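Student: I would like the atomic coordinates for the input below:
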Amino acid sequence: MFTRRKLRITRSAFAAAGSVVLVVASAAMVGGAATARWTAAERATLASLSLASLPPLEPDPSNRVADDSAAAALGRTLFFDRRLSADGRVSCASCHNPERDFQDGVPLAKGVGTTARRTMPIAGTAHSPWLFWDGRSDSQWSQALGPLESDVEHGGDRTQYAHIVAAHYRAPYERVFGALPSLDGLPDRAGPVTDAVRRTAWERIPAVRQEDITRVYANIGKAIAAFERRIEHAPTRFDRYVAVELANGAHTPESAFSKDEEAGLRLFMGKANCLTCHNGPRFTDDHFHNTGVAVSSQVPSADSGRVTGVRGAVAGEFNCLSKYSDAPRDQCAELEFAVTSGDELIRAYKTPSLRGAAEHAPYMHAGQLATLGDVMAHYNRAPAAPAGNSELQQLNLKPKELAQLEAFLRTLSAPPRVR
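Tutor: Residues are numbered from 1 along each chain as shown. Reported below is the predicted structural model:
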């Protein structure tokens, strides 16, 4: 399930390209760049990569309020609320900055402390069955909860958050989730966190009240997910290029590719083997791969990637099969059938979307590579993995080809949109 897969062309992509079977007979010139001649198979692949082929977002059965506008409004406010942290200075938006494509541009995310991972952008992640670089969460709402209790991210705890909801969000919360439980007599700060004082305070709370507070905590995650679910990729120049090509139309300056961009696209679809992992309209297969990325000198402890993450997801307190999930058991197949062992999971990390990648430096799971050029060079030389087995093979691309590939990747940039 998590080994290399063949390129999947979606049904909607075939529908978009199905009526297009002829190669353009002559090339039109726009600003000195020629409109490409593509075979029928290449046109089908182009269609599969276009945002126009992205299927409608499927419901999240584990979150009954995922598509509730009132939940999304509450979640949006919570997303930006710095009170949801130990020091009142960290919100979800601190790392997932809307002005930076909902990421932060630093190698390791910084909350109340410094994490061991690069911040991943949010756009389009509602389509993914796994969240985080190692996939240790199986839904957006469970992903949102992890940072809130992390002692290096938000650094807070469950009773703290419940008190904040009661004091500042009671009415919108109760409109979406029903009445808040009584918080009378509960400590201001308590939860199953690493801090010994707050953990001890949590253990003294009766189990039934612990569950009441934990359900409020889970609902905070569900509201935030309802907002994040609405953060989507926006069409790019690449998407406009594909639309014109498939329509056999004449390019405008807004859709035309330069010769280098077109050459880079051909490399992406062919010689450079990028489609192995970066396929589909979001340019990701949503799987996990060992690509020989070096250990970060800024991360003191070993990072095993997916082999640890998947076990965390299966054992997770807030996974699809948990008491806090709204999903029936038969709607949790990804979790139930997840592969939890195998050499292919060692130092395997989630394939990030390439949409907006030019704006998302530095790169890799701990920001080990500073520029797109560094990324091109890494894949070209295919170094051995520090642990496990890298899936890469040397590409032997020339410097000119690497520059062309980078030129194409820059056509995938557009600020995300919130619907």
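Student: how about low-confidence regions in this protein?
Tutor: Applying pLDDT under 70 to the chain picks out residues 1-36.
Student: what packs against the longest helix anywhere in it?
Tutor: Longest helix of the chain, by residue count under DSSP state H: helix 207-228. When contacts are defined as 3 or more C-beta pairs under 8 Å, 6 or more residues apart in numbering; DSSP states H and E, helix 207-228 packs onto helix 69-79, helix 140-149, helix 158-168, helix 170-177. C-beta coordinates here come from the backbone N, C-alpha and C atoms, glycine included.
Student: residues of that helix that come out buried?
Tutor: By 16 or more other C-beta atoms under 10 Å, the buried positions in helix 207-228 come out as 209-210, 212-228.
Student: so how far is it from its chain's centroid?
Tutor: 22 Å (C-alpha atoms, centre = their mean, to the nearest Å).
Student: Run through the neighbouring helices and strands of whatever helix or strand comes next after that helix.
Tutor: Downstream of helix 207-228, the first helix or strand assigned by DSSP states H and E is strand 231-232. Applying 3+ C-beta pairs under 8 Å, 6+ apart, we find strand 231-232 packed against strand 417-418.
Student: Quickly run through the sheet partners of the strand it packs on, with directions.
Tutor: Strand pairing for strand 417-418, using DSSP bridges, gives strand 231-232 (antiparallel).
Student: isn't residue 165 right next to residue 181, touching?
Tutor: No - if you go by C-beta atoms under 8 Å, residue 165 and residue 181 don't touch, sitting 10.7 Å apart.
Student: Common neighbours of these two, please.
Tutor: Common neighbours of residue 165 and residue 181, using C-beta atoms under 8 Å, 6 or more residues apart in numbering, are residue 216.
Student: So if I had to pick from those two, which one is more boxed in?
Tutor: Taking neighbours as other C-beta atoms under 10 Å, residue 165 and residue 181 compare with residue 165 leading, 24 against 16.
Student: Report the contact partners of that one.
Tutor: 173, 180, 216, 220.
Student: with the residues you listed in mind, which one is nearest to residue 409?
Tutor: Of all the contacts of residue 165, residue 409 sits closest to residue 220, with 36.2 Å by C-beta to C-beta.
Student: Quick check: the gap between the closest one and residue 70.
Tutor: 14 Å (C-beta to C-beta, to the nearest Å).
Student: Just the terminal-to-terminal distance for stretch 270-277.
Tutor: Using C-alpha to C-alpha, to the nearest Å, one end of stretch 270-277 lies 13 Å from the other.
Student: again but with stretch 175-190, I slipped
Tutor: 26 Å.
Student: Please state the offset of that stretch from the chain centre?
Tutor: 31 Å.
Student: Can you give me the buried ones in that stretch?
Tutor: In stretch 175-190, counting by 16+ other C-beta under 10 Å, buried: 176, 177, 180, 181, 183, 186, 187, 189, 190.
Student: got the CA coordinates for stretch 246-261 in CSV?
Tutor: Extracted in CSV, the C-alpha atoms of stretch 246-261 (Å, rounded to 0.1, in the frame of the first residue of the first chain):
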residue,chain,number,x,y,z
LEU,A,246,-6.9,20.5,-24.6
ALA,A,247,-9.3,23.0,-26.4
ASN,A,248,-6.8,23.4,-29.3
GLY,A,249,-7.0,27.1,-28.6
ALA,A,250,-4.6,30.0,-29.0
HIS,A,251,-2.6,30.9,-25.9
THR,A,252,-2.7,34.3,-24.2
PRO,A,253,0.1,35.8,-22.1
GLU,A,254,-1.8,34.4,-19.0
SER,A,255,-1.6,30.8,-20.3
ALA,A,256,1.5,30.6,-22.6
PHE,A,257,4.6,28.7,-21.6
SER,A,258,8.1,29.6,-22.6
LYS,A,259,10.2,27.0,-24.4
ASP,A,260,12.0,26.1,-21.2
GLU,A,261,8.8,25.7,-19.2
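Student: mind listing the helices for the stretch 1-150 of the chain?
Tutor: Assigned by DSSP state H, counting those that start in this stretch, the helices in the stretch 1-150 of the chain fall at 11-17, 40-49, 69-79, 92-95, 140-149.
Student: between the longest one and helix 207-228, how many degrees?
Tutor: Think helix 69-79. If you take axes from the mean of the first three to the mean of the last three C-alpha atoms, to 10 degrees, helix 69-79 sits at 100 degrees to helix 207-228.
Student: Equivalent analysis for the last one, please.
Tutor: Angle of helix 140-149 versus helix 207-228, following the same axes, to 10 degrees, is 110 degrees.
Student: ok, residues contacting helix 140-149?
Tutor: By C-beta under 8 Å, 6+ apart, the residues outside helix 140-149 that reach it are 60, 62-63, 66, 84, 92, 95, 111, 125-126, 131-132, 136-137, 153-154, 156-158, 161, 191-193, 217-218, 220-222, 224-225, 228-229, 316, 318-319.
Student: how far off helix 170-177 does the longest helix of the chain point, in degrees?
Tutor: On the basis of the same axes, to 10 degrees, helix 207-228 is oriented at 90 degrees to helix 170-177.
Student: what's the angle from helix 207-228 to helix 158-168?
Tutor: 60 degrees.
Student: Only the C-alpha atoms, please, for helix 207-228, written as PDB.
Tutor: Taking C-alpha atoms only, helix 207-228 is exported to PDB below (Å, rounded to 0.1, in the frame of the first residue of the first chain):
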ATOM      1  CA  ALA A 207     -12.800   9.300  34.300                       C
ATOM      2  CA  VAL A 208     -16.400  10.400  33.300                       C
ATOM      3  CA  ARG A 209     -15.400  14.100  33.500                       C
ATOM      4  CA  GLN A 210     -12.100  13.400  31.700                       C
ATOM      5  CA  GLU A 211     -14.200  12.000  28.800                       C
ATOM      6  CA  ASP A 212     -16.500  15.000  28.800                       C
ATOM      7  CA  ILE A 213     -13.500  17.400  28.600                       C
ATOM      8  CA  THR A 214     -11.800  15.300  26.000                       C
ATOM      9  CA  ARG A 215     -15.000  15.400  23.800                       C
ATOM     10  CA  VAL A 216     -14.900  19.200  24.000                       C
ATOM     11  CA  TYR A 217     -11.200  19.000  23.000                       C
ATOM     12  CA  ALA A 218     -12.000  16.700  20.000                       C
ATOM     13  CA  ASN A 219     -14.800  19.100  18.900                       C
ATOM     14  CA  ILE A 220     -12.300  21.900  18.900                       C
ATOM     15  CA  GLY A 221     -10.300  19.900  16.400                       C
ATOM     16  CA  LYS A 222     -13.400  19.100  14.300                       C
ATOM     17  CA  ALA A 223     -14.300  22.800  14.100                       C
ATOM     18  CA  ILE A 224     -10.800  23.800  13.000                       C
ATOM     19  CA  ALA A 225     -10.900  21.000  10.400                       C
ATOM     20  CA  ALA A 226     -14.200  22.300   9.100                       C
ATOM     21  CA  PHE A 227     -12.400  25.600   8.400                       C
ATOM     22  CA  GLU A 228      -9.200  24.000   7.000                       C
END
